[in-house]
Structures are given as C-alpha cells and as structure tokens.
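Participant: Sequence and predicted structure are below.
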Amino acid sequence: MKKRICILYTGGTIGMVPSEKGYVPSSGVFLDLLRAIPDLYWADMPAWDVVEFEPLLDSSDITVREWNQIGSAIAERYEDYDGFVVLHGTDTMAYSASAISFMLENLSKPVIFTGSQIPLGQIRSDGRDNIISSLLIAASGQVHEVCIYFNGVLLRGNRSTKRSSDQFEAFESPNDAPLAHAGIQIEYKKRVLRPASEEAFRFQPFKELPIGVIKIFPGIQFDYFASLMTDKLKGVVLETFGAGNIPGSAQNALLPIIERAYQNGTIITVCSQCSQGAVSLGTYAASSALRRVGAVNGRDMTTEAALAKSYYLMSVSDDMAFVKSQMQKNLRGELTE
C-alpha cells in the first residue's frame, strides 16, 4: 500500500509570483504548478494531499501563532498520514523547524521542511526537486524527526541555520552531520538518525511569551538593555563571542543586569556567534562571570534552537529550576551528547 503524505503549504518563495511590489505568495497558481509536475504521479511516489494555510505568508512574517498553527495542523492529521512535508519560506525555516521539533513530543513520523530559492513557476526553480525528494524521504520510513531538506541534503531541523540568500545550498548544520545525501540514491546516515518514539505522540503548543535575543558586539553599551530586563521578560538568548565570552570592560554594566534578570526569573541562555564549536562557560575569565550569575550554558545549540527550546520549556513549566535544567539537556538532538 502506498504511503500517504500530507503537504502543508504555508507560503514562502516556492509558491510566489511576481507583482508590482516584488514576489508575493500565491494560492491558485502554485497549486496548479504543483499538480502539473508529472513526477509526483509516478508509481514510486507516495500518495499526497495538500493543506493550504490562510493567509499564505512570506516567512519573515512567521510568529509563534504560525508555529502553533503548523504544529496543530500536523497533530490533527497525525494518525491519517505516514509523514508530512511543510512548504515554508527559507528566511525563518530554521526557526520554524526548531520550534516544531520541540512542540511535537514523542514524534515517530517524518516532518520535512523544504522550499526553494526560486519560485516554482520560474525558470531554473529548485523547488521541483526539493518537493519530490522531500516526499520520497517522508515516505521512506527512515526518518522519525523534524528535518530540513534542501539541495540534496537532509539536515536535522533544530541543528540547521540559513547560510545563503542566493545559493541553492541555502542551509547548513555546522555542528551536526547531515542525516542523508540525495545523489543517484538517497543515502541515509543511520548513525545519526533518531529512532522512532514508542511513547504516545503529544502536541505541546507554545505560549506567546516575551523572549529576546541579544547579540554581543564590540563597544556594546549594556545600559541601553537594562530597561528590557524586567520581571516580564521570561527568557533571553545571549549571543556571545567564541566560547561564551563577553567584553571585560563591559562586565561591570552587564553582570548586574543579568543577575537582576535571573532574580526576576528570566532564563539567560548563552550561545556562540561562531557557527562551529560550543560555549564552555568558565574556560575563559571573560565567560566565567556569566556562569556565576546563573546563565545557562547553551553549548553548541544554534540561536534558532535555543530560542525555540526556551519557548517550549517555558510553555511546559513555570518552574525556573526545571527550565534551566532542561535547557542544558539534549531533548531532540539539538545538543551534541
């Protein structure tokens, strides 16, 4: 019996058409183009249905509300399909894939995010292969997690980040090996694939919480951020230099702010601006102060994963100690063991 795959069309470049204001998402035109791809009806292809979101969005407009919408759409159809392909814009795809990986608890089916750099209706579009390969991967029975497929490479969703705005190789996973390469054959790397969960599937929606990202830069004046660190702020992802370092000259201004935030119940997660390597608080004096004031070591999590994980854990529990503990544990393959 053929596998059944549900395609969720959320918008993005893959379905856009030219307009006077530039490319915009399209409904009818894209669906006609999709249904006109002959390869989608070959005997080796799975059966597929399309669920179109309303409104269709440029991915720069994606919010927590849309993450919940995607997660809910999958949860509602979870028992009816063998896998899911999410057509999504590239700009925030890594954020969305990270978010969905956390909100779908005990996932045992594939959820493959894909899209394109050139709209499906334009010459040389990469969308056709991305759709076909994503459907085949979703129907393969080899994948049981949230992934991104793009330009011949399958990546773990919560280890991915967008690397290019004008190359077909749009995504990379700097601290994690690709899960598969699609050449003449699709070669799966079983050593890094997560097994199917045997526990009951559960959908955990995210709360719309005040969570922020602050990027450290030379000469940063932390006094300007003091007003943000109120008891209403639930979490901050701090993008630091190297292995978690912050400017020594600024520590007198920053550390009291972070300490006050911690006392207010704000979780500070430290990530690195480096695409490769990991945060190691305490390796350098410039990072040990963060550990002293209660910051969480984000290790080699991407900023996208750390942000999504913050939303997830704070939606699950108000217990600060629990959230801090879980932030440092590998829950969905987002951290290197």
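Facilitator: Structure's in. What do you need?
Participant: where do the helices sit along the stretch 201-337 of the chain?
Facilitator: 251-263, 285-292, 303-316, 320-327 (DSSP state H, counting those that start in this stretch).
Participant: Kindly compare burial across those helices and name the winner.
Facilitator: Highest mean neighbour count among those (mean count of other Cβ atoms under 10 Å): helix 303-316, with a mean of 24. In this view, the C-beta of every residue, glycine as well, is placed from N, C-alpha and C.
Participant: Touching it from outside, list them.
Facilitator: Outside helix 303-316, the residues that touch it by Cβ atoms under 8 Å, 6 or more residues apart in numbering are 64, 67, 94-95, 98-99, 101-103, 158-161, 204-207, 209, 211, 213, 234-235, 237, 239, 267, 269, 271, 298, 301, 322-323, 326-327, 331, 334.
Participant: same question, stretch 171-185
Facilitator: 90, 93-94, 133, 137, 142-143, 147-156, 159-163, 186-189, 192-193, 275-278, 300, 333, 336.
Participant: at 7 Å what do you get?
Facilitator: For stretch 171-185, contacts defined as Cβ atoms under 7 Å, 6 or more residues apart in numbering pick out 94, 133, 137, 143, 147-148, 150, 152-156, 159-163, 186-189, 192-193, 275-276, 300, 336.
Participant: For it, give the mean pLDDT please.
Facilitator: Here stretch 171-185 scores 95 as its mean pLDDT.
Participant: Now do it: distance from first to last residue.
Facilitator: End-to-end distance for stretch 171-185, by Cα to Cα, to the nearest Å: 21 Å.
Participant: tell me the contacts of residue 210?
Facilitator: 232, 233, 234.
Participant: ok, of those, which one's closest to residue 221?
Facilitator: residue 233 (18.6 Å; Cβ to Cβ).
Participant: Pull the contacting residues for the residue nearest to residue 336 when sequence neighbours are not counted.
Facilitator: Spatial nearest neighbour of residue 336, excluding adjacent residues (Cβ to Cβ, 6 or more residues apart in numbering): residue 300 at 5.3 Å. By Cβ under 7 Å, 6+ apart, the residues touching residue 300 are 175, 277, 278, 335, 336.
Participant: now the first one: how far from residue 278?
Facilitator: Taking Cβ to Cβ, to the nearest Å as the measure, residue 175 falls 7 Å from residue 278.
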